[in-house]
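Asks: Sharing a model prediction with you, sequence too.
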Amino acid sequence: MPMTSGPEQEPPAELSLAGSVVDKSIEYMKGQNVPPVAIASALLGGCMALLARTLGDEAIIGVLNNAVASVRSGELRGHKNG
């Protein structure tokens, strides 16, 4: 199920809320001098645990394949300084 039907549409409210909470958590951890790799590892581990509780293996593999495709396409390069 896609989150949005086009790049011009606003994300659903629950996605905006979740993104905002994650952003605030990251900023808090950065303020506590937690290294970026530790922050990312903890968030990824939590994400994987949530996916494992809510999706089957093939769906998780699909999510991960989409993430790999984003890295390979260079889509994430604009976020390096964030």
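Replies: Noted; the coordinates are in hand.

Asks: Does anything pack onto the helix or strand that contains Asp23? Which helices or strands?
Replies: Assigned by DSSP states H and E, Asp23 belongs to helix 13-31. Under the contact criterion of 3 or more CB pairs under 8 Å, 6 or more residues apart in numbering; DSSP states H and E, helix 13-31 touches helix 36-54. (Glycine included, C-beta is placed from N, CA and C.)

Asks: what's the following helix or strand after the helix it packs on?
Replies: Following helix 36-54 in sequence order, the next helix or strand is helix 57-73 (DSSP H and E).

Asks: about what we covered before: how about the helix holding Asp23: buried residues?
Replies: Judged by neighbour count (16 or more other CB atoms under 10 Å), helix 13-31 contains these buried residues: Ile26, Met29.

Asks: And for stretch 29-46?
Replies: Going by neighbour count (16+ other CB under 10 Å), the buried part of stretch 29-46 is Met29, Ile39.

Asks: how much distance is there from it to the middle of the chain?
Replies: Per CA atoms, centre = their mean, to the nearest Å, the displacement of stretch 29-46 from the mean C-alpha position of its chain is 13 Å.
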